[in-house]
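# Below are the sequence and a predicted model; questions follow.
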Amino acid sequence: MLVAAAVCPCPPLLVPEVAGGAAHEMDDARAACYDAVAVLAAARPDRLYVVGTADRAGRGRHPQGAVGSFRPFGVDLQVALGAGRPADRPLPPSLTVGAWLLERTGWGAAPVEGLGVGEPLSKERCAAAGRKLAAGADRVALLVMGDGTTCRTVKAPGYFDERAAAFDAAAARALDAADTDGLLALDEELAYELGASGRACWQVLAGAAEGAGLSGRLLYDRAPYGVGYLVASWS
């Protein structure tokens, strides 16, 4: 059963070593992520699943001890997903950022496993995956890594799309209220058009949280660099 969840964005720029001189621009987002992860530890889960967007190579399960690297982003820094035997298969970037958050906050509360989710995955399959995760232990926690739209300004990676702000606002409302129906109502095709890679992962959370009776709190909702970044805590 799901007892807690943290929702965080997954840009490598969240990591100060990657951001370099611009690290301070993500200070508030980083602090909100730390607070959200702290709620996971306080829930005393039996198992933590880190759920993040992934390309085809990174989809599926990643065991405890799996390693991710920030070398593709110009920094010689590696992180592991909890303590364990390193796996041959590397973590995708979203789970690498999640592993970095856990290392940075001193996670050691429970065994941890990663799940890479494909951006095109249907909401029905996302919800089914979430229900399966929630049944994985008596007390399950999720760290959900995913970004909102990439079209909030003309300088954004996806340029400007007038629909982006409304999409991110709907996601923010659902995350703030722990509204599983609201998350499942997010349009898959629109999310893809707007570059909202977190949609699938948020809908995994919705499936995991069905019937759990959790309350939500939105900790961060901004669009630095024209990309929607949301941080929320459910418990």
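Noted; the coordinates are in hand.
# which outside residues touch stretch 82-89?
62-67, 80, 99, 102, 107-108, 111-112 (CB atoms under 8 Å, 6 or more residues apart in numbering). Heads up, the C-betas are built off the backbone N, CA and C, glycines and all.
# Let's see the distance spanning it from one end to the other.
End-to-end distance for stretch 82-89: 15 Å, by CA to CA, to the nearest Å.
# likewise stretch 97-114?
Stretch 97-114 stretches 12 Å from its first residue to its last (CA to CA).
# do stretch 178-186 as well
End-to-end distance for stretch 178-186, by CA to CA: 14 Å.
# which stretches of the chain form helices?
Taking DSSP state H as the test, the helices found in the chain are 16-19, 27-42, 93-104, 123-134, 164-177, 180-184, 188-193, 199-209.
# Please identify the deepest-packed of the ones you listed.
helix 199-209 (a mean of 28; mean count of other CB atoms under 10 Å).
# what packs against it?
If you count contacts as 3 or more CB pairs under 8 Å, 6 or more residues apart in numbering; DSSP states H and E, helix 199-209 packs onto strand 2-8, strand 47-54, strand 112-118, helix 123-134, strand 140-145, helix 164-177, helix 180-184, helix 188-193.
# tell me the centre residue of this structure?
Closest residue to the average C-alpha location of the chain: residue 145 at 1.0 Å, with CA atoms, centre = their mean.
# Which residues does stretch 69-78 contact?
Taking CB under 8 Å, 6+ apart as the rule, stretch 69-78 contacts 12, 15, 17-18, 67-68, 79, 90, 93, 96, 100.
# Appreciated, that's everything.
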